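[1] here are the coordinates; sequence isn't available:
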């Protein structure tokens, strides 16, 4: 073998060795990625349902279209048609449909999953409409930063939101949103049994009434219970939240909840809010 042939053989062997190997490691990566995607989709359903649950506790009536395609691995996003707030009927469904062209523009029509991408964008638009209703109802939402999507409108992610219910202030963090939202989602989906797509529109609609009793019990279980575990997080009347920002050092002073009076506990909660 002359030197030229030897050099050519080394190049060929090097190319073969450089090819990626399809082993179990790549398979595990895919499973982990799929799990992360399912977790993200479920949290999107949780944040939507948690917001709808708070809407009900604030006296709003919800009109929701039934979900027919259900997954065993993720919780579904709900198709909210109308929200009645202070005798005003807010048309969520038609407001979302009016922005269908925007969703189509973001999606490349030649893409294999064009319809799925458009549906993804419409879900993102629908949630943004719910956030607008939340703003009208004085629900303060703290948003997370999200990555930009190339072919869809980005779904906004809520980090926490605060509201006043029956004169008491509550701050729902990520865990509250996940647990309360998942329970509300399951409750609403259970109300959707007993019809199919061929029925008339009136039979494809379910209603969540203002101050729904079941949602109130779920709120007590997953949100109020969390506040009551530590007296420092006991809900306080909203007028106590008018705080000028002084004496914040009290927060560090209240680290040991076993020796602090109830009044100081309440004061600590107002600082954190």
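    Noted; the coordinates are in hand. The model shown is predicted, which means the values in this text are computed figures rather than measured ones.
[2] mind listing the strands for this protein?
    Ranges of strands in the chain, per DSSP state E, are 61-65, 79-85, 88-91, 140-144, 157-165, 168-172, 205-208.
[3] Output the longest helix belonging to the chain.
    In the chain, taking DSSP state H as the definition, the longest helix is helix 24-57.
[4] what's the span of stretch 209-224 from first residue to last?
    End-to-end span of stretch 209-224 (C-alpha to C-alpha, to the nearest Å): 21 Å.
[5] Which residues belonging to that stretch are considered buried?
    Under the neighbour-count criterion of 16 or more other C-beta atoms under 10 Å, stretch 209-224 has 212, 214-216, 218-219, 222-224 buried. (C-beta placed from N, C-alpha, C; glycine too.)
[6] same deal with stretch 37-44?
    Going by neighbour count (16+ other C-beta under 10 Å), the buried part of stretch 37-44 is 41-44.
[7] for those residues, which one is nearest residue 177?
    residue 43 (8.0 Å; C-beta to C-beta).
[8] Hmm, the closest one is touching residue 175, no?
    No: counting by C-beta atoms under 8 Å, residue 43 does not reach residue 175; the two are 11.2 Å apart.
[9] Burial check on residue 204, number of neighbours?
    For residue 204, the count of nearby residues is 18 (other C-beta atoms under 10 Å).
[10] Quick check: closest non-adjacent residue to it.
    Using C-beta to C-beta, 6 or more residues apart in numbering and skipping the chain neighbours, the partner closest in space to residue 204 is residue 66 (5.1 Å).
[11] Can you give me the neighbour number for the one you found?
    Residue 66 sits with 20 neighbouring residues when counted by other C-beta under 10 Å.
[12] could you pull out the helices for the stretch 51-200 of the chain?
    Along the stretch 51-200 of the chain, counting by DSSP state H, counting those that start in this stretch, helices occupy 92-97, 100-106, 114-136, 174-190.
[13] Same list (those helices) but as a markdown table, adding mean pLDDT, mean neighbour count and distance to residue 73.
    Output for the helices of the stretch 51-200 of the chain, formatted as a markdown table (pLDDT from 0 to 100; neighbours: other C-beta atoms under 10 Å; distance: least, C-beta to C-beta, whole Å):
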| stretch | mean pLDDT | mean neighbour count | distance to residue 73 |
| --- | --- | --- | --- |
| helix 92-97 | 89 | 16 | 26 |
| helix 100-106 | 79 | 14 | 25 |
| helix 114-136 | 90 | 18 | 16 |
| helix 174-190 | 94 | 20 | 14 |
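[14] between those, which one is nearest to residue 37?
    helix 114-136 (11.8 Å).
[15] tell me what that closest one is packed against?
    Helix 114-136 sits against helix 24-57, strand 79-85, helix 92-97, helix 100-106, strand 140-144, with contacts defined as 3 or more C-beta pairs under 8 Å, 6 or more residues apart in numbering; DSSP states H and E.
[16] thinking again about what came up before, mind putting the buried residues of stretch 37-44 into TSV with pLDDT and distance to residue 134?
    As requested, the buried residues of stretch 37-44 are exported to TSV (pLDDT from 0 to 100; distance: C-beta to C-beta, whole Å):
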residue	pLDDT	distance to residue 134
41	87	21
42	90	20
43	93	17
44	93	15
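[17] wait, residue 185 sits on residue 44?
    No: with contacts counted by C-beta under 8 Å, residue 185 stays clear of residue 44, the gap being 10.4 Å.
[18] of the strands of the chain, which approaches residue 106 most closely?
    strand 157-165 (18.2 Å).
[19] got the contact list for residue 122?
    96, 99-100, 103 (C-beta atoms under 8 Å, 6 or more residues apart in numbering).
[20] Looking at these, which one is closest to residue 139?
    For the contacts of residue 122, the minimum distance to residue 139 (C-beta to C-beta) is 19.7 Å, reached by residue 96.
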